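K.L.:
sequence plus predicted model, see below.
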Amino acid sequence: MKFENLLIEIAANYATITINRPKKLNALNIATIQELHEAFKSLDADATVKAIIITGSGDKAFVAGADISEFAHFSVEEGERLARNGQEMLFNFVQNLKTPVIAAVNGFALGGGLELAMASHFRIASDNAKMGLPEVSLGVIPGYGGTQRLAQLIGKGKAMELVMTAGMISAEDALRYGLVNYVTTQEELLPLAQKLISKIARNSSVAIASAIKAMNDLYTDGVNGFETEIIEFGKCFGTTDFKEGTSAFLEKRKANFPGK
Ligand code: COA
């Protein structure tokens with residue numbers, strides 16, 4: 001995989017996508033959003049990839065937002081199209097990926113950057129990270145799912161305040177709010193993600209995919225997540241992973257999941 005704006009590293013059982021526009025603080029232009037779609041799609045199809053880390057290059061930013069220079073002159077129609085295409089192509093796509101996605105927030109995660117971190121399955125941050133949705137300071141609102149996912153993750157009152165003030169919160173505040181799961185030093189950020197992945201990779205990837213689907217359906221309009229859970233639970237009984245997991249337990253050995 002060769003991309004203009006991304007670096008992809010594939011290790012034994014996981015992959016790292018690094019958004020690589022450090023001079024623009026990794027701002028998400030349309031080309032980068034398209035490349036991210038392609039990268040996530042092909043890594044999701046690779047059975048050896050048990051989890052994906054998304055991070056930013058350099059030591060200053062994860063992603064400092066959507067690329068402001070690209071949409072500054074957009075019309076109403078173009079603005080709506082930008083948000084719709086972006087949500088479909090990247091943000092909803094990542095949320096619904098079968099493979100777990102961990103955002104390693106290594107600096108500024110603003111606007112589209114925080115929205116990308118929030119679309120990921122969970123987040124960890126370095127202690128220099130700063131997070132916010134500053135769009136109203138530009139006369140626009142978050143368009144890549146931010147008004148919805150921030151309230152889902154930290155509650156409506158805090159989300160309202162953060163969006164209205166266009167403020168930034170520290171990594172420690174993000175931890176307190178439940179927006180990120182862990183805060184560590186910048187040096188320890190990727191090693192921590194790898195440690196978490198080593199725990200994830202021991203488990204059944206088909207069961208994890210089912211769990212992601214059921215948990216996402218808590219927030220899917222018109223769908224009852226409890227019903228999804230029942231269907232996905234039932235499906236597990238038809239998998240080789242289930243046979244292996246239960247046999248391994250009964251035989252008092254470690255499971256070796258084929259991921260089927
Ligand atoms: N879109 C386009 N370019 C961006 C960008 C964005 N969202 N964020 C940063 N950049 C660019 C800057 O224009 C600058 O480019 P230049 O060197 O060609 O002028 C470069 O990245 C470095 O940014 P700079 O502002 O000089 O760094 P800083 O350390 O002084 O400030 C921030 C860092 C993150 C506080 C500041 O860049 C910022 O406020 N960015 C916009 C954040 C935002 O509003 N995001 C939501 C967009 S919807």
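P.N.:
Received, thanks. Numbering: from 1, shown residues only.

K.L.:
from residue 248, how far out is whichever residue of the stretch 101-250 of the chain sits closest to the ligand?
P.N.:
Relative to the ligand, the nearest point of the stretch 101-250 of the chain is residue 111 (2.7 Å; Cβ to the nearest ligand atom). Bear in mind the C-beta positions are built from the backbone N, C-alpha and C, glycine included. Look at residue 111 and residue 248: by Cβ to Cβ, to the nearest Å, they are 45 Å apart.

K.L.:
and those two? which has more neighbours close in?
P.N.:
The neighbour comparison of residue 111 against residue 248 (other Cβ atoms under 10 Å) goes to residue 111, with 28 against 14.

K.L.:
not counting its neighbours along the chain, what's nearest that one?
P.N.:
In space, and not counting its chain neighbours, residue 111 is closest to residue 65: 3.2 Å by Cβ to Cβ, 6 or more residues apart in numbering.

K.L.:
tell me, how many residues neighbour that neighbour?
P.N.:
A count of nearby residues for residue 65, using other Cβ under 10 Å, gives 27.

K.L.:
please apply the same query to residue 163.
P.N.:
Residues lying near residue 163 (other Cβ under 10 Å) number 20.

K.L.:
can you tell me the element it falls in?
P.N.:
Counting by DSSP states H and E, the element that carries residue 163 is helix 156-165.

K.L.:
next secondary structure after that helix?
P.N.:
As assigned by DSSP H and E, the chain's next helix or strand after helix 156-165 is strand 169-170.

K.L.:
in its sheet, what does that following strand sit against?
P.N.:
Taking DSSP bridges as the criterion, strand 169-170 forms sheet pairs with strand 130-132 (antiparallel).

K.L.:
what does the stretch 51-200 of the chain have sitting close to the ligand?
P.N.:
Proximity of the stretch 51-200 of the chain to the ligand (Cβ under 6 Å from any ligand atom) is limited to residues 64-69, 108, 110-111, 134-135, 138.
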